[in-house]
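Novice: sequence? don't have it. structure:
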């Protein structure tokens, strides 16, 4: 199955964060059926999502890398592995991704990232 595409337009800061994550080889592991993964994608928006390295972990997902997910110890979705060696599971706001990843280009303004209904955090197993 093919995951849904992001519908929302990206903010400039979301694009800059996504480019930074790409440059530091950050990876998001997810599953096409996971609503928290879909919301994470929507938080970035269409333009920014193009820069995110995404690994599909569901065996029935489009271009699935199920074996990679198993070997990396991925147990829930979304899961992030950042270039600075940190990792975090569960849905996160972009401001939290910026902080965990070490993004320091400018101060990330969380108020610019509204408009995506919350699922209450968490993740899928």
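Specialist: Nice, I can see it. Fair warning: this is a prediction, and the values are worked out from it, not measured in the lab.
Novice: can you pull the contacts of residue 44?
Specialist: Going by Cβ atoms under 8 Å, 6 or more residues apart in numbering, residue 44 touches 6, 10, 14, 17, 18, 52, 94. In short, each C-beta sits where N, CA and C put it, glycine included.
Novice: who wins for neighbours among those residues?
Specialist: When neighbours are counted by other Cβ atoms under 10 Å, residue 17 leads the contacts of residue 44 with 27 neighbours.
Novice: what distance do you get for that residue to residue 62?
Specialist: 25 Å (Cβ to Cβ, to the nearest Å).
Novice: for residue 26, same thing?
Specialist: Per Cβ to Cβ, residue 26 is found 21 Å from residue 62.
Novice: quick one: which of those two has more around it?
Specialist: More crowded of residue 26 and residue 62, by other Cβ under 10 Å: residue 26, with 25 against 10.
Novice: hang on, residue 55 in a helix?
Specialist: No. Counting by DSSP: H, G, I helix; E, B strand; the rest coil, residue 55 falls outside a helix, being strand.
Novice: just the element for the residue nearest to residue 103 when sequence neighbours are not counted, please.
Specialist: Once flanking residues are discounted, residue 103 sits nearest to residue 20: 5.1 Å by Cβ to Cβ, 6 or more residues apart in numbering. Using DSSP states H and E, the element containing residue 20 is helix 12-23.
Novice: other residues contacting that helix?
Specialist: Applying Cβ under 8 Å, 6+ apart, the external contacts of helix 12-23 come out as 10, 43-45, 47-53, 82-83, 94, 97-98, 101, 103, 105-106, 108-109, 112-113.
Novice: narrow these to those in strands?
Specialist: Among the contacts of helix 12-23, the members falling in strands are residue 53 (criterion: DSSP state E).
Novice: selecting buried members of the contacts of helix 12-23 in PyMOL, what would you type?
Specialist: Entered in PyMOL, the line below selects the buried ones among the contacts of helix 12-23, by 16 or more other Cβ atoms under 10 Å:
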select buried, resi 10+43+44+45+47+48+49+51+52+82+94+97+98+101+103+108+113
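Novice: go through the contacts of helix 12-23 and flag which are in helices.
Specialist: 43, 44, 47, 48, 49, 94, 97, 98, 101 (DSSP state H).
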